[in-house]
Every structure is written in structure tokens, then in C-alpha cells.
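[1] Mind folding the following:
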Amino acid sequence: LFIVANILLRIIPITSGEKEAFAYYRDAQSEGNYAEALQNYYEAMRLEIDPYDRSYILYNIGLIHTSNGEHTKALEYYFRALERNPLLPQAFNNMAAWFDQAAEYWKQAITLTPGNYIKAHNWLKITGRFE
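    Modelled structure (predicted):
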């Protein structure tokens, strides 16, 4: 895959800035070191101008933040990715995972103030999350 990416990088008619951005993106994907990958993604974002390509870079930054337990940052990057590419199912999928966490928070809020948060209470019942 790495060899194919290098060949494509040489033959695709794109600007040198886009080629450099792709190189950073490719290197971030292959390294496996999260801190270094983040730096490569940030550099790719600086260089990449295509919104579609930027959406994948933003999505991958979100993945790294998720892996690091930085969930708020991860959500921010998933939202930013969807702003550029609203047809990015993996971003929607990763964001949907937060509903389980939201359910736990709503349960706590409802326990503390019964009768409040009726919409949340109904959603918990409908989705089978309320015990």
C-alpha cells in the first residue's frame, strides 16, 4: 500500500502543496505513533486545500483524540470533518457512540431531579436505556 501511494503521488496531476500534504497524511497513517501522527496531520491540514481530503484528515485527528481519551476534542474534529464532507459515515458512526455516555449522564440528571428532562427520559425509555 505504501508503494502504491508513492507511485500515485508521483503520477497524479496535483500541485506540489497537495503532494506535500498527501505525503504528511500518508506518513501519519503509517507511523503508528500518535504524537507524531498528530503533527503530520496538522501539517497536512496546513497544506491541503481540498475540502474532501481535509475531511479525512480531520476525521483521523478525531480518531487519535478518541484513542487518547480526549473525547471532547474528538467530537470537535468529527464535526469539523462533517462540515467539509457531510457524507462521511465513519464520523457519524463515531459520534453516535456518545449516545451511551449521554444516556448515563441523563440518568444521573433524572435521578437527581425526577420530573425534569422529560424528553431525555422519554428517549431513554424508547431506546431501552432506562432501567
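
[2] just for the protein, where's the confidence low?
    The model of the chain has pLDDT under 70 over residues 1-32.

[3] Helices of that one, residue ranges please.
    Under the criterion DSSP state H, the chain contains helices at 2-11, 16-31, 34-47, 51-67, 71-84, 89-96, 98-112, 118-126.

[4] Go through those helices and pick out the most buried.
    A comparison of the helices of the chain by mean neighbour count, using mean count of other CB atoms under 10 Å, puts helix 51-67 on top with a mean of 20. C-beta: built from backbone N, CA, C; applies to glycine.

[5] got the contact list for that one?
    Contacting residues not belonging to helix 51-67 are listed as 18, 21-22, 25, 28-29, 34, 37-38, 41-42, 44-45, 48, 71, 73-78, 80-82, 84-85, 88, 90-91, 94 [CB atoms under 8 Å, 6 or more residues apart in numbering].

[6] now stretch 111-129
    Under CB under 8 Å, 6+ apart, the answer for stretch 111-129 is 99-100, 103, 106-107, 109-110, 130.

[7] So what's the gap between that stretch and the chain middle?
    For stretch 111-129, the separation from the chain centroid amounts to 28 Å (computed by CA atoms, centre = their mean, to the nearest Å).

[8] send the alpha carbons of it over as CSV?
    C-alpha atoms of stretch 111-129 as CSV (Å, rounded to 0.1, in the frame of the first residue of the first chain):
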residue,chain,number,x,y,z
THR,A,111,-32.3,10.7,39.3
LEU,A,112,-31.3,14.0,40.9
THR,A,113,-34.3,15.9,39.7
PRO,A,114,-37.2,13.5,38.9
GLY,A,115,-39.8,15.1,36.7
ASN,A,116,-37.3,17.2,34.8
TYR,A,117,-35.8,16.4,31.5
ILE,A,118,-38.9,14.7,30.1
LYS,A,119,-37.6,14.5,26.6
ALA,A,120,-34.4,12.8,27.7
HIS,A,121,-36.5,10.5,30.0
ASN,A,122,-38.7,9.5,27.0
TRP,A,123,-35.7,8.9,24.8
LEU,A,124,-34.1,6.7,27.4
LYS,A,125,-37.4,4.7,27.6
ILE,A,126,-37.8,4.4,23.9
THR,A,127,-34.2,3.3,23.3
GLY,A,128,-34.4,0.8,26.2
ARG,A,129,-31.7,2.6,28.2
